[in-house]
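A.B. asks: sequence first, predicted coordinates after that:
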Amino acid sequence: MKHIIVFVLGTFCLGCLSGCSGQNFPSDFPKVYPMTVTVKDGTTPLSKVMIMFYPATTGAGAAYASSGSTNADGVAKVSTSQGAFNRAGIPAGEFVVTVEDIVEVDIGVTPEEETKMSMRELGELSRKKLKLMAEYERKVPDALRQSGKIENRSPIRFIALTGKNELTIDVAQFKM
């Protein structure tokens, strides 16, 4: 009897460790599958790049965002989220994929300093940020960025399957 109780308690704890996250996910949160994306320019991996997956059709998963950003090796792990709910992976289905540079500009002002600025100073700071962003040399061609209706956002389409998914994007193919 003692072994049965230990087995039942062990099974319960193992189940919680593997599946309980402390969050009660919405009942319509889609089942997701592992997804890894590699972004490169020829043979050079691209870091600090955001990859977004937009459902090509409405339906299960259409209300959720799937995305990831690349590390120094040009690799991103994709996760799916809505609000505070987030799971590693992507729902099965067809997606339009966009790729965007993560633009980081240093304006020499800390967030704490920003909170103490006047509206005029914030306006000047905003103009400075926009100017620096406009001068930023982008790694990703315009053809892969978000623009307009979903069918016009990017030429990249991807069908995520149940199981492990992988995608390699070579931005060199989209440069003019």
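C.D. replies: Noted; the coordinates are in hand. Residues are numbered from 1 along each chain as shown.
A.B. asks: bridged to the most centrally placed residue in the chain, which residues?
C.D. replies: Nearest to the geometric centre of the chain sits S67, at 2.0 Å (Cα atoms, centre = their mean). With beta bridges defined as DSSP bridges, S67 has these partners: M52, S79.
A.B. asks: mind listing what it touches?
C.D. replies: Listed by Cβ atoms under 8 Å, 6 or more residues apart in numbering, the contact set of S67 reads M50, I51, M52, F53, V78, S79, S81. In short, each C-beta sits where N, CA and C put it, glycine included.
A.B. asks: how about F29?
C.D. replies: Counting by Cβ under 8 Å, 6+ apart, F29 touches Y64, Q82, F85, R87.
A.B. asks: which of those residues fall in strands?
C.D. replies: Judged by DSSP state E, strands contain the following of these: Q82, F85, R87.
A.B. asks: pull the number of nearby residues for the nearest residue to the second one once chain neighbours are set aside.
C.D. replies: Spelled out, that is F85. Closest residue to F85 apart from its sequence neighbours, by Cβ to Cβ, 6 or more residues apart in numbering: F25 at 5.4 Å. Number of residues near F25 (other Cβ atoms under 10 Å) recorded here: 12.
A.B. asks: by mean pLDDT, flag the weakest helix or strand of the chain.
C.D. replies: For the chain, counting by mean pLDDT, DSSP states H and E, helix 2-19 ranks last in confidence among helices and strands (a mean of 40).
A.B. asks: give me the distance from the following helix or strand past it to the chain's centre.
C.D. replies: Using DSSP states H and E, the helix or strand that follows helix 2-19 in sequence is strand 32-33. Relative to the centre of its chain, strand 32-33 is centred 14 Å away, using Cα atoms, centre = their mean, to the nearest Å.
A.B. asks: which of the contacts of S67 tops the neighbour count?
C.D. replies: Neighbour counts for the contacts of S67 (other Cβ under 10 Å) peak at F53, which has 27 neighbours.
A.B. asks: neighbours of the closest residue to R87 other than its chain neighbours, how many?
C.D. replies: Counting by Cβ to Cβ, 6+ apart, R87 lies nearest to V32, which is 5.0 Å off, once chain neighbours are set aside. The number of residues packed near V32 is 22, by other Cβ under 10 Å.
A.B. asks: contact partners for V32?
C.D. replies: S66, S79, T80, R87, A88, G89, I90, P91.
A.B. asks: gap between the second one and D106?
C.D. replies: It refers to S79. Between S79 and D106 the distance is 28 Å, computed by Cβ to Cβ, to the nearest Å.
A.B. asks: do the same with the first one
C.D. replies: Applying Cβ to Cβ, one obtains 30 Å for the distance of S66 from D106.
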